[in-house]
Each structure stands twice: as structure tokens, then as C-alpha cells.
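Asks: here is my input, please return the structure:
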Amino acid sequence: MEIVAYVLAALCLLLAYVLLYFLLRSVKTQGDDYQMQKNWLALARPKIASKAVPGQLLDWKKTSAIKGNDHYYILTFTAALARQKKRYRAAAVLSDSEAATLTTGLPIVVKYSTQSPKKMAVVAVNASTAPGEAEKSPHDNQ
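Replies: Next up, the predicted model:
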């Protein structure tokens, strides 16, 4: 009888550790998303020292945060920063009609800060203009 009690206690302890692990992991993910949203807000202003580069969309995730009638999305994309093409994640604010056009391989424009700490934000999706031509974000007036 004592062995069953010990095994049951060990299983409960293991379950508690697993639940705690996943809880902490989800909190970290939400913190990363929040930081990306703050970076978008900072880089959407044209006064911040930044550079714009083209990129290609790989994946996207809608968040629960909104700005006006638009939603924040976390986009995963490839871009060539410092002459090296890598995979990055950054926030974007998209309307429902813009979000409906998201597809893998879609061209985007990414702004990144030239100062430390590094910040990155997606400022245009389905970009038909070259980076730098559209300095003002369409979401600035909200």
C-alpha cells in the first residue's frame, strides 16, 4: 500500500512539473510577441534611424492585440541583413483585407534600427515599392 502511495505522489509531482514547464513557456512566448509589438510601434515612426530591406514571408501568426481596427501579426520571413540572408520574426499591423492576402513567398518590406538595441518591424506586405520609397506607414494615422 505504501508503494502505491509513493508512486501516486511521484506521478502528481511529475504532472505538476510538466504543467509548470508549459505555463512558463507560454508566458515567454507572449513576452516575445509583446516586445515585437513595441518594436513595430517604435519603427513605424519615420523619425527613428532605420533602414528598410526587402524580405520574403514564410509564416504568420495572428495575435490577440489590436491597433484601431487592425490586428498585430507575428511574421516569420527571410531577409538579407548585413549581407547574410537569415530567418527573422517581427510584428506587423494588418487589416483584415491585408491579412487575407498573406501567402508564403509574399514580398514584404522590413525596417530595422541601425542603433542598439536592434529592433525590427514589418512595415509593408505585398510590397510593390522598393524599400525606402514608402517611409510612412499606412497605419500612422490611427
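Asks: switch to C-alpha atoms for all contacts and neighbour counts from now on
Replies: OK.
Asks: per-residue pLDDT of residue 99, please?
Replies: The model reports residue 99 with a pLDDT of 90.
Asks: and residue 102, by the same measure?
Replies: On the pLDDT scale, residue 102 is placed at 91.
Asks: tell me the SS of it?
Replies: Here residue 102 is recorded as coil under DSSP: H, G, I helix; E, B strand; the rest coil.
Asks: pull the number of nearby residues for it.
Replies: Residue 102 sits with 18 neighbouring residues when counted by other CA atoms under 10 Å.
Asks: next: the one 4 residues further on.
Replies: A count of neighbours around residue 106, defined by other CA under 10 Å, yields 16.
Asks: now the helices for this protein?
Replies: 2-43, 96-100 (DSSP state H).
Asks: pick out the shakiest of the ones you listed, pLDDT-wise.
Replies: Among those, helix 2-43 carries the lowest mean pLDDT, at a mean of 73.
Asks: using PDB, list the CA coordinates for stretch 5-13.
Replies: The C-alpha coordinates for stretch 5-13 follow below in PDB (Å, rounded to 0.1, in the frame of the first residue of the first chain):
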ATOM      1  CA  ALA A   5       1.100   6.000  -2.400                       C
ATOM      2  CA  TYR A   6       4.700   6.800  -3.300                       C
ATOM      3  CA  VAL A   7       4.100   6.100  -7.000                       C
ATOM      4  CA  LEU A   8       1.000   8.200  -7.000                       C
ATOM      5  CA  ALA A   9       2.800  11.100  -5.200                       C
ATOM      6  CA  ALA A  10       5.700  10.900  -7.800                       C
ATOM      7  CA  LEU A  11       3.200  11.000 -10.700                       C
ATOM      8  CA  CYS A  12       1.400  14.000  -9.200                       C
ATOM      9  CA  LEU A  13       4.800  15.800  -8.800                       C
END
